[in-house]
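Asker: Return a 3D structure for these sequence lines:
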Amino acid sequence: MTLCIGLMSGTSMDGVDGVLAEFSADGAPRVLRDTHAPMPPALAAALLALNKPGGSDELQRGALAANALVRVQAQVVAALLQGAGVAATGGAAGVAAGVAAGVAAIGSHGQTVRHRPGEFDATGFTIQLNNPALLAELTGIDVVADFRSRDVAAGGQGAPLVPAFHQAVFGGVEQRAVLNLGGIANLTLLGEPLRGFDCGPASALMDHWCRLHTGRPFDEDGRWAASGRVDAALLARLLADPFFAKAPPKSTGRDLFNPDWLAAALASTSTAPSPVDVQATLLELTARSVVDALRAGAPQTCELLACGGGAFNGALMDRLAALWPGLRVASTAEAGLPPQQVEATAFAWLAWRFLQRLPGNHPDVTGAGGPRILGALYPA
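Answerer: This next block holds a predicted model:
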């Protein structure tokens, strides 16, 4: 058995999710502990500002934000180890807990601030702010990081990387898809060939609009959106973006789906919708873009397992089911992994794959030139 920690801070930028997972010889994970550390407001603001060009001293601001993010990651690691009674480098504590002592590696995703694969040349680029050397110093554990750049260098999108993990954990069931609802929505169509791609925005725009007009960090259970009405004209303008019609492989982020993108669509409306109706329309945009992608890729009725923070948005889950009668929408918890654990466990799994020198990407998903071992090692 091998212990790995997975750390993930996604495009929602609400905090750092962490899991401590035990992997069997065939790579099957068993989550021993999970935790979440909220993103400090000043750090979240700094990271959001770095998502678009502009301002002075971007390099310095990026380096400082990376250091601050890693200190939050180190707090998550400490909480996981303490909660599970596992030593960082082995010893009696791990044996007493009934698991292999010592953590083999931390899989640290970092924070994506730019994602433009293939935009400027054959390889493009993707940037995840991180300081894995500092994380190794703070924790005393080997760190595997920089998972996306090798796939991009091989001609791939570098995202989404989670479909290969979804296949390993949730595969083997016919007509099943997995939907990750973070800041961006991505969909995995399980089976052969494995398919997966980003669908469009999820919580990134809904959270922004909710903060702007209510002061709350997110629309709990989608209740505010459910109290509004969908603006058909605004929805049509949003869905007209070429990204939605683009064929996979495709991935996106805040480079495209950001407040400026929403503001441009609102500016072109003849009558400005009320804030609550905009929220309702943003929820409908997420649901519609997911179901349209699902219908195109999995035309038969199927089961949709949802994970990520959006899986706790009851209004969104209800809307997904309503748009496709007969579609069964459920939580990944029914398949053995709670929604809040999935992405962090995926990066623990990618760290395990790296340690085994096994590929972490899936070329059918990302478009890379072949399977690649993902990540770089920062020894403790």
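
Asker: how long is stretch 351-365 end to end?
Answerer: Chord length of stretch 351-365, first to last residue, is 19 Å (C-alpha to C-alpha, to the nearest Å).

Asker: What are the contacting residues of that stretch?
Answerer: 2, 4-6, 23, 27, 29, 104-107, 144, 147, 150-151, 154, 156, 160-161, 163-164, 167, 188, 193-197, 248-249, 350, 368-375, 377 (C-beta atoms under 8 Å, 6 or more residues apart in numbering). C-beta: built from backbone N, CA, C; applies to glycine.

Asker: List only buried entries from those residues.
Answerer: 2, 4-6, 23, 29, 104-107, 144, 147, 150-151, 154, 156, 160-161, 163-164, 167, 188, 194-197, 248-249, 350, 368, 372, 374-375 (16 or more other C-beta atoms under 10 Å).

Asker: So for stretch 169-180, what gets flagged as buried?
Answerer: Using 16+ other C-beta under 10 Å as the test for burial, stretch 169-180 gives 169-171, 176-180.

Asker: Which of these sits closest to Arg114?
Answerer: Asn180 (20.2 Å; C-beta to C-beta).

Asker: can you tell me which residues contact Leu187?
Answerer: Leu187 touches 177-180, 196-199, 290, 293-294, 297, counting by C-beta under 8 Å, 6+ apart.

Asker: quick one: which two of those are the most distant?
Answerer: Among the contacts of Leu187, Asn180 and Gly297 lie farthest apart (C-beta to C-beta), at 15.1 Å.

Asker: ok, the closest residue to Phe125 other than its chain neighbours - contacts?
Answerer: Distances taken as C-beta to C-beta, 6 or more residues apart in numbering place Arg116 nearest to Phe125, at 6.0 Å, with adjacent residues excluded. Residues in contact with Arg116, defined by C-beta under 8 Å, 6+ apart, are 124-126, 255.

Asker: ok, and the most crowded of those?
Answerer: Neighbour counts for the contacts of Arg116 (other C-beta atoms under 10 Å) peak at Thr126, which has 23 neighbours.

Asker: wait, that one sits on His115?
Answerer: Yes: Thr126 is within contact range of His115, at 4.8 Å (criterion: C-beta atoms under 8 Å).

Asker: Give me the common contacts of these two.
Answerer: 158-159.

Asker: quick check: domain ranges of the chain?
Answerer: The chain breaks down into these domains under automatic domain parsing: 2-156+340-378, 162-339.

Asker: could these be laid out in CSV, adding mean pLDDT?
Answerer: Formatted as CSV, these follow (pLDDT from 0 to 100):
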stretch, mean pLDDT
domain 2-156+340-378, 91
domain 162-339, 96
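
Asker: This completes my enquiry, with thanks.
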